[in-house]
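Q: Here you go, sequence then predicted model.
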Amino acid sequence: MGKDKYFRFPYLRQGNTIAKRDSVLRFLRQKGYRIAPVTIDNDEWIYNRDFVKANAETSNKKQADRIGEAYLQHMQERTSYFEKLATEKLNRPVRHILLLHLNAINAQFLAELLAWYRQEGWQFITLTEALQDPLYQLPDHYIGEAGVSVLERINR
């Protein structure tokens, strides 16, 4: 990703107190990191857990395929949800940032997922380009235990 340094909070959790959040943000700024927020959050890691387990069992390949199909449907549903949320909160589309992990289910189904995005008219851009969207300059006042999308953090 070039010379830029990015940090995504694990589980999207930025801290359950202002002091915790702000101290980590200060540290990251001092070290030259930019925050890599997420607009399209999902539970693909759960699908991966079940997919890996089903693939490990030779008699469960059909189950693995069913999990993969459910995963693709889940990703489409989550994308649609966050696309609508952006329009509701900001009255416009945004440059989305999709959360994807390096795991078995994404390795197996990434081509199909990306083909679906292209079919829906999505274009792929760099994280640096996405972060130019004014959404990512809005104040983030969310404090809590849950890790949530940047779209769920804004009040409008």
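A: Nice, I can see it.
Q: who are the neighbours in contact with residue 61?
A: By Cβ atoms under 8 Å, 6 or more residues apart in numbering, residue 61 lies in contact with 54-55. Backbone N, C-alpha and C define where each C-beta goes, glycine included.
Q: is it true that it lies in a helix?
A: Yes - the assignment for residue 61 (DSSP: H, G, I helix; E, B strand; the rest coil) places it in a helix.
Q: how far away is residue 14 from residue 104?
A: 28 Å (Cβ to Cβ, to the nearest Å).
Q: Could you do residue 23 as well?
A: Using Cβ to Cβ, we find residue 23 at a distance of 36 Å from residue 104.
Q: Same check on residue 111?
A: From residue 111 to residue 104 the distance is 14 Å (Cβ to Cβ).
Q: who has more neighbours, these two?
A: More crowded of residue 111 and residue 104, by other Cβ atoms under 10 Å: residue 104, with 16 against 9.
Q: Quick check, the more buried one in contact with residue 47.
A: No - applying Cβ atoms under 8 Å, one finds residue 104 not in contact with residue 47, separated by 9.8 Å.
Q: Geometric centre of this structure: which residue is closest?
A: Nearest to the geometric centre of the chain sits residue 99, at 2.2 Å (Cα atoms, centre = their mean).
Q: That residue and residue 40 touch, don't they?
A: Yes - using Cβ under 8 Å, residue 99 is in contact with residue 40, at 6.3 Å.
Q: From residue 46, how far out is the residue sitting furthest away from the middle of the chain?
A: Farthest-out residue of the chain from its mean C-alpha position, per Cα atoms, centre = their mean: residue 59, at 32.4 Å. For residue 59, the distance to residue 46 equals 22 Å [Cβ to Cβ].
Q: contacting residues around residue 100?
A: Contact analysis of residue 100 by Cβ under 8 Å, 6+ apart lists 44, 106, 110.
Q: from the residues you listed, which is closest to residue 144?
A: Top of the list for closeness to residue 144, among these and by Cβ to Cβ, is residue 44 at 22.2 Å.
Q: That's all I had, so thanks and see you.
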